[in-house]
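A.B. asks: The following block contains a protein sequence and its predicted model.
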Amino acid sequence: MRPLLALVPGEPAGVGPELVVQAAQCDWDADLVVFGDAASLHRAAAALSLPLVLHRAGETPATPRSLEIVDIPHPHQVAPGTPEPANAVSVIAALTSAAQACLDGRMHGLVTGPVHKAVINDGGIPYTGTTGLLAAHAGAEVVMMLANPTMRVALQTVHLPLREVADRITPDALERTLRIVDAALRLQFGIAAPVIAVLGLNPHAGEDGHLGREELDIIIPTLERLRSDGLHLVGPLPADTAFLPGKLAGFDAVLAMYHDQGLPVLKHADFANAVNISLGLPYPRVAVDHGTALDLAGTGKADPSSLFAAIRCCAQLAARQADA
Ligand SMILES: NC(=O)C1=CN([C@@H]2O[C@H](COP(=O)(O)OP(=O)(O)OC[C@H]3O[C@@H](n4cnc5c(N)ncnc54)[C@H](O)[C@@H]3O)[C@@H](O)[C@H]2O)C=CC1
Ligand SMILES: NCC(=O)COP(=O)(O)O
């Protein structure tokens, strides 16, 4: 089956629109429908001197490469590199409209470009990230996992102050995360008996309780309980050596306790080809790994590889879900 994927450019003053225009020049194992602002895409195409033809649902495409769009105009003029909080409402509307289309079965998966969290909040909309937005919209518990050809890294906690991280690592939360990651690796990625490495929170995984007790009190008992349920879990491992290539080769995924414990390693290994996958949603959602790159917006210098990898990954996940 040929999937139909919703594609949302994200922050219009960032690199999202120009990356979508570049995606429109390519052939994919999926059909793409953009949920976003047509004017921003035309502006980005002109800046990059690339052709772009758009059509609405029901219109006959003028060229074979014409891209279908659900036009969600931004209320405020877009200037590359200078986000406008007044556009937050339409940035979020594009995401929720595309997500609803996936929930309704009109789309088979969702690919998203980068969104600027501070700009959305400055626009008066509480927002810690698209993963949380989609989870609330679908009423699902969702785990963020980034992946590139070298590794998969899931996150126990994501966008919160470091001061709050330890309090969020509870036996229930850890168990829910590990069950979601294990199920996704089996069902979405076709790994029959996935091995998940779990990092400790503290240096040296707590050094037997001398450098913190979260490993002894929370992580080890939770892993033991889940192992008796058949999950293949390694750890808690000291984070500083868990990513050594010889170790990493034995893991299907690594669960990091917080954002900057896992993501710098993954992005250092391969920033260009990494994607961000939401595990636990009823439909596949894959995002770029990078942010809005306001410094590059409108220059044509942004690397489209992550968006391209996200489209390929989402198409594969959607096709697998349809066949299941
Ligand atoms: N998928 C998403 O929606 C993501 C959104 N963000 C948001 O983006 C905003 C900016 O975040 P930053 O920390 O500045 O990260 P960033 O990823 O936007 O930029 C970091 C550096 O990487 C470069 N870069 C980013 N994407 C690139 C590309 N495609 N090609 C070449 N170079 C690229 C930028 O020029 C910059 O030097 C924040 O609001 C953040 O929350 C960050 C990561 C992911
Ligand atoms: N660090 C990942 C990131 O910022 C993107 O997260 P989300 O917006 O996809 O939840």
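C.D. replies: Now that the structure is in, tell me what you want to look at. Ligands and ions are numbered 1, 2, ... in the order given.

A.B. asks: Which other helices and strands does the helix or strand Ile311 falls within contact?
C.D. replies: Using DSSP states H and E, Ile311 sits in helix 305-323. For helix 305-323, the packing partners by 3 or more C-beta pairs under 8 Å, 6 or more residues apart in numbering; DSSP states H and E come out as strand 4-8, helix 16-23, strand 109-112, strand 275-279, strand 285-288. (C-beta placed from N, C-alpha, C; glycine too.)

A.B. asks: Which among the ones you listed is found nearest to Ala135?
C.D. replies: strand 275-279 (7.5 Å; C-beta to C-beta).

A.B. asks: The helix holding Ile311 close to ligand 2?
C.D. replies: No. Helix 305-323 stays clear of ligand 2 (C-beta under 6 Å from any ligand atom), getting no nearer than 10.5 Å.

A.B. asks: sorry, back to before: using TSV, please lay out the helices and strands packed on helix 305-323 together with mean pLDDT.
C.D. replies: TSV is the format used below for those (pLDDT from 0 to 100):
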stretch	mean pLDDT
strand 4-8	98
helix 16-23	98
strand 109-112	98
strand 275-279	98
strand 285-288	98
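
A.B. asks: what does the protein have sitting close to ligand 2?
C.D. replies: Val115, Gly129, Thr130, Thr131, Met144, Asn276, Ala287.

A.B. asks: and those as CSV, adding neighbour count and secondary structure?
C.D. replies: Shown next, in CSV, are the residues of the chain next to ligand 2 (neighbours: other C-beta atoms under 10 Å; DSSP: H, G, I helix; E, B strand; the rest coil):
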residue, neighbour count, secondary structure
Val115, 26, coil
Gly129, 16, coil
Thr130, 27, helix
Thr131, 24, helix
Met144, 26, strand
Asn276, 24, strand
Ala287, 28, strand
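
A.B. asks: Spit out the contact partners of Gln261.
C.D. replies: The neighbourhood of Gln261, defined by C-beta atoms under 8 Å, 6 or more residues apart in numbering, consists of Leu199, Ala239.

A.B. asks: Tell me who's in contact with the closest residue in space to Phe308 that isn't next to it in sequence.
C.D. replies: Once flanking residues are discounted, Phe308 sits nearest to Ala23: 6.6 Å by C-beta to C-beta, 6 or more residues apart in numbering. Contact analysis of Ala23 by C-beta under 8 Å, 6+ apart lists Leu7, Leu32, Pro304, Leu307, Phe308, Ile311.

A.B. asks: so which of those residues comes closest to Val158?
C.D. replies: Nearest member of the contacts of Ala23 to Val158, counting by C-beta to C-beta, is Leu307, at 20.9 Å.
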